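Enquirer: 3D model of this:
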Amino acid sequence: MGSSSSDLSPQTVRELTRSTNFNESELKEWYRGFKKDCPSGVLSTKEFKVIYGHFFPYGDANKFAEHVFRTFDNNEDGQIDFKEFMTALSVTSRGNADEKLSWAFAMYDMDGNGYITETEMLEIVRSIYAMMGSTVKLAEDESSPEMRTKKIFREMDKNQDGVLTKEEFLTGARSDPQIMKLLQCDASAIVEGK
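Expert: Got it, this is the predicted structure:
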């Protein structure tokens, strides 16, 4: 191991190659970049918001970045270390559709009780709309976060109990081509609203 990855122990490399979709060489390269951007070895919420904001220059990504940060911060200590970062990045960038949907469910289930309420859904949808700014043309029945949230619940809340279980969320998301395109990182789904 070279000096630029000296803090990355062989045990951590082994753990991450087993638990993520990254190989040893990729992990070492990511570690060098992580240490360059985060010399302390951890990423704070504030730093994460700044980085996330660069990807969405036409809107306000702060609130959405907070939600993403919460899902990356597995041990809930208010910071993301390299292992947490790579584990989450593996799911969000290289995971299969079910892994990505499970991650999305965890983000929407803000209190971690196993259900998504309309209030939780609305909070996330509002943050997405704020992040996207005016760059996206939306269908008339989705022109506001409230309308989008109501539409999602009409389509996904099969037993109409006012909450989405993980199964309802997964089933509903799998049957929505727009959500599936987004999970496959299809930018046309965002730009075209398809």
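Enquirer: Please make it C-alpha for all contacts and neighbour counts, starting now.
Expert: Noted.
Enquirer: The residue nearest the centre of the chain: what's it in contact with?
Expert: For the chain, residue 68 is the residue whose C-alpha lies nearest the centre (C-alpha atoms, centre = their mean; 4.8 Å). For residue 68, the contacting residues are residue 107, by C-alpha atoms under 8 Å, 6 or more residues apart in numbering.
Enquirer: Just checking the distance from whichever strand or helix holds it to the centre of its chain.
Expert: Here residue 68 sits within helix 62-72, counting by DSSP states H and E. Put simply, helix 62-72 sits 7 Å off its chain's centre (C-alpha atoms, centre = their mean, to the nearest Å).
Enquirer: And for stretch 119-129?
Expert: 13 Å.
Enquirer: residues in contact with that stretch?
Expert: With C-alpha under 8 Å, 6+ apart as the test, stretch 119-129 has contacts from 61, 63, 64, 67, 108, 109, 110, 145, 146, 148, 149.
Enquirer: Try it again at 7 Å.
Expert: Stretch 119-129 is contacted from outside by 63, 64, 108, 109, 110, 145, 146, 149, using C-alpha atoms under 7 Å, 6 or more residues apart in numbering.
Enquirer: What separation do you get for residue 172 and residue 153?
Expert: Distance from residue 172 to residue 153, counting by C-alpha to C-alpha, to the nearest Å: 9 Å.
Enquirer: Looking at the two, which is more packed in?
Expert: residue 153 (23 against 18; other C-alpha atoms under 10 Å).
Enquirer: pLDDT score assigned to the more buried one?
Expert: You'll see residue 153 listed with a pLDDT of 91.
Enquirer: Report all helices and strands that the strand or helix carrying it contacts.
Expert: Of the helices and strands defined by DSSP H and E, residue 153 is found in helix 145-156. Counting contacts by 3 or more C-alpha pairs under 7 Å, 6 or more residues apart in numbering; DSSP states H and E, helix 145-156 packs against helix 118-132, helix 166-174.
Enquirer: Next, the residues that contact it from outside, please.
Expert: Contacts for helix 145-156 (C-alpha under 7 Å, 6+ apart): 118, 121, 122, 125, 126, 129, 141, 142, 168, 169, 172.
Enquirer: can we see that at 10 Å?
Expert: The contact list for helix 145-156 (C-alpha atoms under 10 Å, 6 or more residues apart in numbering) reads 116-130, 138-142, 144, 160-165, 167-173, 175-176.
Enquirer: Would you list the buried entries among those?
Expert: 116-118, 120-130, 138, 163-165, 168-170, 172-173 (16 or more other C-alpha atoms under 10 Å).
Enquirer: ok, back up a step: give the residues shared as contacts by residue 172 and residue 153.
Expert: residue 164.
Enquirer: what pLDDT, on average, does stretch 117-137 get?
Expert: Rounded mean pLDDT across stretch 117-137 is 87.
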